[in-house]
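Visitor: give me a model of this one.
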Amino acid sequence: MILRSALSSAFLLTLLGTASVRADPPPAQPPEDPRRAEFRSLYGQSPLESWHARAVQAINVNDPSALPLLYEVLQEPNGYVRAAAARQLATASAPEARAALREAARNHPEPLVREGVVMTLALAAEPGEEDRATVRQAAARDADWRVRRTAAWGLSLARVPASVDALLEAWLAEEGREGGAQARVQALLVESLRTLCGEDRGATRREWSAWWEGHRAQFQVPQEPGPGPMRRLKVDGVWIDVETPTLRRDPPRPIVYVIPEYGLNASLYRPGLAALAGEADLVYFDLPRVSDFERLDEAREIQFGHPVYPTAALSRALEAFRREQGHGPVVVLAHGVSACVASEFARANPGAVRGLILVSAISGGDAYLRTLLALRTSERLTVEQREHLARRVLRAGEPPLPVTDPEAELRAYFSIYFHDQGDLELAWRCGPCLRNLGQVQFPPFDFKRGAVPDMPVLLAVGAHGVLGTPSDNRKIERAFGRRARIARFERSGRAPFLEEPGAFREAVTGFLRGLE
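Guide: Numbers count the residues shown, from 1 in each chain. Next up, the predicted model:
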């Protein structure tokens, strides 16, 4: 009865109103951490990605209490800034900070934070066994597919046999899951195994497991050769940056000149092409700037407000370099619009080139511009590619946004080279490989009869490449005719040498052997 009376009284008070009853004031909020306020002030002083990255680099990551600031940055939509946070976290050396990172990788409620910290542990200069174990655990057990995928990629960086065990365990766990993301994780698990083992043992886990069971005891993970020094040479009036290996003379092997896409440098290509070192001697070039051509008469032609790239002058310089080095006929591997350089080199120097490998070829600057116009009004970009682009450069039906950060624009275009790469991996790759060479116009292929060199050609095409229209691809295929062989990569955009390095290596190896 007493309880009922008390409840009734409370109910009546509610009905009659409690305006006369003063509610307790809300508890006072604790003052903001001065360190957090200082970081936010510095971070917000500029919209530039590079400025945000510098603000991130100012944080003392050996202080565990400062780590939550970077955990917040790991949830930013900009992959480049997130990767800057992951790189900064990777420099932590204090045991307390490393322990806090491992705890966050396992138990932080936000998947983006777990993904970033897993990448951090994989990128550490000297990861401890506990760090590696945390990455292995994430690859097999994390509930979010993005974390598992990043962990699988991270395991390919830890070049120890235990990483192969972990990848096979993660593959087994993935087979028990459902959904489209499962296939995306599994694809990267297979590529990581190929990278670590230098082998391709099939597309099923059973094939890989059977092979590994018989080889684990005596197996050593092959170490990738480090890059040689890039030398700057003046050849026929052109300054060229080139890395020349020691050529194997007995028995001689094919010599492959690797010419990057305009705006990229050789560092992008080495990881995917390293496995070819057993089949050929690779000579890496960086495309010269227009200002590297001393005789600028050929570089003064202007189209669409930009100088025309002097491919004929570069072709002469490449031939002069080949003769100076004593190289016999070479194979040229060119990416994107650099296919124009390779084709001109082969056409102008009969007998100097044995074959061409053209990766995601574009027939010139006009075709490139038509592609960009088509992208603004089409649905050819995947959801991930639209996310990477972040609407900073291309908006449907609108011209490109004003450029406030040229490096950010380069990173945005770089992101759509790939079909299925995570934000963090993209940012990690693009950091050292982008070159702001200035805007130029590449002269188009000359498709007239007799202008295209008559030689074996491998056309490597990613099924999901969005730069280079299908009609342009067909035009290139028809131009090279019956001697052209098409290699189509079903899980790649414009960089199959990175997205499907195993399949790319097989296609190139088969092509080179066919030249013998």
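
Visitor: those helices in the stretch 1-150 of the chain, which residues are they?
Guide: Listed in chain order, the helices of the stretch 1-150 of the chain (DSSP state H, counting those that start in this stretch) span 2-16, 34-43, 49-57, 67-73, 79-90, 95-107, 111-123, 129-141, 145-155.

Visitor: so which elements touch the third one?
Guide: This points to helix 49-57. helix 34-43, helix 67-73, helix 79-90, helix 406-415 (3 or more C-beta pairs under 8 Å, 6 or more residues apart in numbering; DSSP states H and E). All C-beta atoms are positioned from the backbone trio N, CA, C, and that covers glycine.

Visitor: how far off centre is that helix?
Guide: 20 Å (C-alpha atoms, centre = their mean, to the nearest Å).

Visitor: ditto for the last one
Guide: Averaged C-alpha coordinates place helix 145-155 at 15 Å from its chain's average position (C-alpha atoms, centre = their mean).

Visitor: quick one on the thing from earlier: with mean neighbour count added, can I get the helices of the stretch 1-150 of the chain in a markdown table?
Guide: Compiled in a markdown table, these are given as follows (neighbours: other C-beta atoms under 10 Å):
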| stretch | mean neighbour count |
| --- | --- |
| helix 2-16 | 9 |
| helix 34-43 | 14 |
| helix 49-57 | 19 |
| helix 67-73 | 21 |
| helix 79-90 | 24 |
| helix 95-107 | 18 |
| helix 111-123 | 26 |
| helix 129-141 | 20 |
| helix 145-155 | 26 |
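
Visitor: next, format those as JSON lines and append mean pLDDT.
Guide: Compiled in JSON lines, these are given as follows (pLDDT from 0 to 100):
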{"stretch": "helix 2-16", "mean pLDDT": "31"}
{"stretch": "helix 34-43", "mean pLDDT": "69"}
{"stretch": "helix 49-57", "mean pLDDT": "76"}
{"stretch": "helix 67-73", "mean pLDDT": "89"}
{"stretch": "helix 79-90", "mean pLDDT": "83"}
{"stretch": "helix 95-107", "mean pLDDT": "93"}
{"stretch": "helix 111-123", "mean pLDDT": "89"}
{"stretch": "helix 129-141", "mean pLDDT": "90"}
{"stretch": "helix 145-155", "mean pLDDT": "89"}
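
Visitor: out of the ones you listed, which is closest to P432?
Guide: P432 sits nearest to helix 79-90 of all these, at 11.7 Å, using C-beta to C-beta.

Visitor: alpha carbons only: can I get that closest one in CSV?
Guide: Extracted in CSV, the C-alpha atoms of helix 79-90 (Å, rounded to 0.1, in the frame of the first residue of the first chain):
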residue,chain,number,x,y,z
GLY,A,79,42.7,7.9,-47.8
TYR,A,80,45.9,9.9,-48.2
VAL,A,81,45.5,11.5,-44.7
ARG,A,82,44.5,8.2,-43.2
ALA,A,83,47.7,6.6,-44.6
ALA,A,84,49.7,9.5,-43.2
ALA,A,85,48.3,8.6,-39.8
ALA,A,86,49.1,5.0,-40.2
ARG,A,87,52.7,5.8,-41.2
GLN,A,88,53.1,8.0,-38.2
LEU,A,89,51.7,5.3,-35.9
ALA,A,90,54.2,2.9,-37.4
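
Visitor: can you give me the angle that helix makes with helix 49-57?
Guide: Relative orientation of helix 79-90 versus helix 49-57 (axes from the mean of the first three to the mean of the last three C-alpha atoms, to 10 degrees): 20 degrees.
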